[in-house]
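*Asks:* following is a predicted model, sequence given first.
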Amino acid sequence: MDPVDALSEIAFWLERELAPSFKVKAFRRAADTIRGLDQDDLRTRNADGRLGRMKGIGGRTGEVIRQALAGDVPDYLASARERGARPLAEGGETLRAQLRGDLHSHSDFSDGGSPIEEMVAAAALLGREYLALTDHSPSLTIANGLSTERLERELDIVAGINGSGIDAGAGVRVLTGIEVDILEDGTLDQTPDVLDRLDVVVASVHSKLRSDRKTMTRRMLAAIADPHTNVLGHCTGRLVTGGRGTRPPSEFDAEAVFAACAEHDVAVEINSRPERVDPPDELIALALDAGCRFSIDTDAHAPGQLDFLQYGAERAERLGVPAERIVTTWPVEQLLAWSDAG
């Protein structure tokens, strides 16, 4: 098999199983190192020892390349595939089969780890019909938030992928989007003219997460009332595990916030990242009672994380969220009619 494909697929499976980032980076770095070299050149480098001396090629990655060049599925990849055949979550299979897309993902344009094309290829591998690219907005400088100019460059890339036909995105429709910061006064961190051009707007709070209940509620209600907002992202901002440590949920009037979401037809995100599990179960129940729609999203920052939808599907099915109230079960035409109407 192609050595670049083998290395990239290993990185995908490692990301999916939350392996340490240094392992993932080793395989992606090796794939980047040999990308563009034909297999005859690689065989020559392998035969004369130059392969092992290439910067970015280590013992494990070199073995993968050699086995792929020999026409075999590398042992490391076979093992990763075997582990990947097991589901990430026990339960949620019925709902997971109905999910068509994902409205929250990141690329290396902001704080994601991979180019747009690799994210789209992974979405295709997982059978997605559409993927919204929602890199961060300008004020989130720690996440390399996009200026208007950089966002416009990203939109050109997306247009190129969609305009090249089914082969470019392997059948995946890439939706233009943004994860826009909800600023302290409740406004959205991008101009209305720019937001008007996007298919999907996910609005999230990333700063001053420990504000008092009244302040946070006022801030969120203002953002929800903005006609550009389609999805309220990871509404509590909590972290329950992971390398960034833990963080308690923000305090806000959940009944008022979810009532506003229902009134303005803003979907409440069920964020599938295992370190977030956001909203907590009791808030999903409140949003259900309020009549909200939902969006099950991955918030993926790497290709393998796009399979985290399994976690969100399990939670939603267990908590009794009807499929028809989950916008990511809808065909893309229905999804876009809804998001545009917002």
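*Replies:* It's in. Numbers count the residues shown, from 1 in each chain.

*Asks:* and stretch 330-342, how far from the chain's centre?
*Replies:* With Cα atoms, centre = their mean, to the nearest Å as the basis, stretch 330-342 stands 19 Å off its chain's centre.

*Asks:* what comes into contact with it?
*Replies:* If you take Cβ atoms under 8 Å, 6 or more residues apart in numbering as the criterion, stretch 330-342 is touched by 100-101, 129-130, 173, 175, 199-201, 227-230, 264-266, 327-328. For glycine as for every other residue, the C-beta is placed from the backbone atoms N, C-alpha and C.

*Asks:* list the buried residues in that stretch.
*Replies:* Buried residues in stretch 330-342, counted by 16 or more other Cβ atoms under 10 Å: W330, L335, L336, W338, S339, G342.

*Asks:* same check on stretch 158-166?
*Replies:* Under the neighbour-count criterion of 16+ other Cβ under 10 Å, stretch 158-166 has V158, I161, N162 buried.

*Asks:* same question, stretch 78-98
*Replies:* Applying a neighbour-count criterion of 16+ other Cβ under 10 Å, one finds A80, G84, L88, A89, G92, L95, R96 buried in stretch 78-98.

*Asks:* repeat for stretch 105-124
*Replies:* Buried residues in stretch 105-124, counted by 16+ other Cβ under 10 Å: 105-110, 112-114, 116, 118-124.

*Asks:* end to end, how far does it reach?
*Replies:* End-to-end distance of stretch 105-124 (Cα to Cα, to the nearest Å): 14 Å.

*Asks:* so how far is that stretch from its chain's centroid?
*Replies:* Worked out by Cα atoms, centre = their mean, stretch 105-124 lies 8 Å from the chain centre.

*Asks:* show me what that stretch is in contact with.
*Replies:* With Cβ under 8 Å, 6+ apart as the contact definition, stretch 105-124 has outside contacts at 8, 12, 24-25, 28, 102, 131-136, 140, 142-146, 150, 153-154, 157-158, 161, 169-172, 174, 179, 297-304, 306.

*Asks:* mind redoing it with 7 Å?
*Replies:* 12, 131-136, 143-146, 150, 154, 157-158, 161, 169-172, 174, 298, 300-303, 306 (Cβ atoms under 7 Å, 6 or more residues apart in numbering).

*Asks:* of the residues you listed, grab the buried ones for ChimeraX.
*Replies:* Buried residues within the contacts of stretch 105-124, by 16+ other Cβ under 10 Å, are selected in ChimeraX with:
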select :12,131,132,133,134,135,136,143,144,145,146,154,157,158,161,169,172,174,298,300,301,302,303,306
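
*Asks:* among the contacts of stretch 105-124, which are located in strands?
*Replies:* Residues of the contacts of stretch 105-124 located in strands (DSSP state E): L131, A132, L133, V174.

*Asks:* export those to CSV and tack on pLDDT and distance to L195?
*Replies:* Converted to CSV, these look like this (pLDDT from 0 to 100; distance: Cβ to Cβ, whole Å):
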residue, pLDDT, distance to L195
L131, 98, 19
A132, 98, 14
L133, 98, 15
V174, 97, 18
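
*Asks:* farthest pair within the residues you listed?
*Replies:* Distance extremes for the ones in strands among the contacts of stretch 105-124: the farthest pair is A132 and V174 at 7.9 Å, using Cβ to Cβ.

*Asks:* just to revisit the earlier point, tabulate the buried residues of stretch 78-98 (JSON lines), appending pLDDT and distance to E282.
*Replies:* Formatted as JSON lines, those follow (pLDDT from 0 to 100; distance: Cβ to Cβ, whole Å):
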{"residue": "A80", "pLDDT": "97", "distance to E282": "37"}
{"residue": "G84", "pLDDT": "93", "distance to E282": "32"}
{"residue": "L88", "pLDDT": "96", "distance to E282": "23"}
{"residue": "A89", "pLDDT": "95", "distance to E282": "20"}
{"residue": "G92", "pLDDT": "97", "distance to E282": "19"}
{"residue": "L95", "pLDDT": "98", "distance to E282": "20"}
{"residue": "R96", "pLDDT": "97", "distance to E282": "23"}
